[in-house]
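[1] Sequence isn't available, so here's the structure alone:
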């Protein structure tokens with residue numbers, strides 16, 4: 001069964017409705033009442049710290065997008081600058097504040113350091129044929145990131161519910177969780193429109209496959225230490241218990257758009273390997289004795 005056709009008007013309307021229906025979470029609406037702070041910190045402290053950092057780095061992400069995607073459509077600009085950016089900024093503040101209520105130190109986030117590799121790609125992005133490849137990869141990365149966040153927030157919500165921590169579950173985690181599917185939908189629709197409309201040629205798809213398979217990254221994880229920290233999110237939330245199914249869900253869009261010619265492919269090998277390696281590195285860190293001071 002073929003995918004429904006997507007056009008620019010549908011994407012524009014989605015962004016407009018997303019901004020109208022889901023303004024940034026009111027920071028004053030959060031209730032940080034926690035019955036057992038120690039237990040919540042032990043169970044979710046690592047996850048909170050990582051996810052708060054990633055959400056708070058949206059300011060740098062917006063700067064990177066301005067470099068990577070010069071001359072983007074008004075719909076793209078409205079999404080990342082007027083809708084996604086402000087929402088994610090509040091998500092970071094909410095998670096960081098919750099962490100501090102639990103006794104964690106304030107999150108240290110990189111909000112303004114645009115990497116050299118991004119500037120190099122940005123220079124190449126002025127060439128239209130390269131720009132379209134980068135734009136498709138941006139949508140695929142965004143979709144995978146948002147799907148990862150959806151799984152993480154769902155696991156956190158369920159865990160807090162099991163612990164009887166209804167206040168922070170409802171006013172912090174669930175308030176954030178409800179905004180992530182709209183972000184995912186934007187990336188999905190945008191990527192589908194590019195492929196369906198013929199905006200990207202066959203050789204560009206081939207290049208996108210090559211680049212994606214060689215540069216696949218985990219959200220918020222640039223260094224080895226951060227990849228290990230991401231592995232902690234996977235393990236601490238129990239997402240490693242059905243890792244292949246979860247990565248298949250996270251990667252479904254790029255499997256459909258980049259690897260449709262590979263009949264029977266369920267999950268890109270590079271994606272599954274990245275998640276497995278991160279989880280393994282975190283388990284190794286947990287088993288290794290700390291170095292003496």
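    Here it is on my side, so go on. Quick caveat: nothing in here was measured; it's all calculated off a predicted structure. Residues are numbered from 1 along each chain as shown.
[2] Please verify my assumption that residue 24 contacts residue 93.
    No - counting by CB atoms under 8 Å, residue 24 sits too far from residue 93 to count as a contact (9.4 Å). All C-beta spots, glycine's among them, are computed from the backbone N, C-alpha and C.
[3] those helices in the stretch 151-293 of the chain, which residues are they?
    166-168, 174-177, 180-197, 202-215, 224-236, 243-250, 252-258, 269-287 (DSSP state H, counting those that start in this stretch).
[4] need those helices in TSV with distance to residue 85, can you?
    Output for the helices of the stretch 151-293 of the chain, formatted as TSV (distance: least, CB to CB, whole Å):
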stretch	distance to residue 85
helix 166-168	24
helix 174-177	15
helix 180-197	11
helix 202-215	24
helix 224-236	21
helix 243-250	22
helix 252-258	22
helix 269-287	26
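[5] Just put those in a markdown table and tack on distance to residue 71, mean pLDDT and mean neighbour count.
    Below are the helices of the stretch 151-293 of the chain laid out as a markdown table (distance: least, CB to CB, whole Å; pLDDT from 0 to 100; neighbours: other CB atoms under 10 Å):
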| stretch | distance to residue 71 | mean pLDDT | mean neighbour count |
| --- | --- | --- | --- |
| helix 166-168 | 42 | 98 | 18 |
| helix 174-177 | 32 | 98 | 19 |
| helix 180-197 | 15 | 96 | 20 |
| helix 202-215 | 17 | 91 | 15 |
| helix 224-236 | 31 | 96 | 21 |
| helix 243-250 | 30 | 97 | 18 |
| helix 252-258 | 23 | 94 | 20 |
| helix 269-287 | 30 | 96 | 16 |
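[6] Nearest to residue 158, out of those?
    Nearest to residue 158, of all the helices of the stretch 151-293 of the chain, is helix 174-177, at 10.6 Å by CB to CB.
[7] Next, the angle from whichever strand or helix holds residue 130 to helix 202-215.
    Assigned by DSSP states H and E, residue 130 belongs to helix 128-162. Calculated by axes from the mean of the first three to the mean of the last three CA atoms, to 10 degrees, helix 128-162 forms an angle of 50 degrees with helix 202-215.
[8] which other helices and strands contact helix 128-162?
    The contact analysis (3 or more CB pairs under 8 Å, 6 or more residues apart in numbering; DSSP states H and E) places helix 128-162 against helix 37-56, helix 58-68, helix 116-124, helix 174-177, helix 180-197, helix 202-215, helix 243-250, helix 252-258.
[9] Of all the ones you listed, which one comes closest to residue 84?
    It is, among those and with distance given as CB to CB, helix 180-197, at 5.7 Å.
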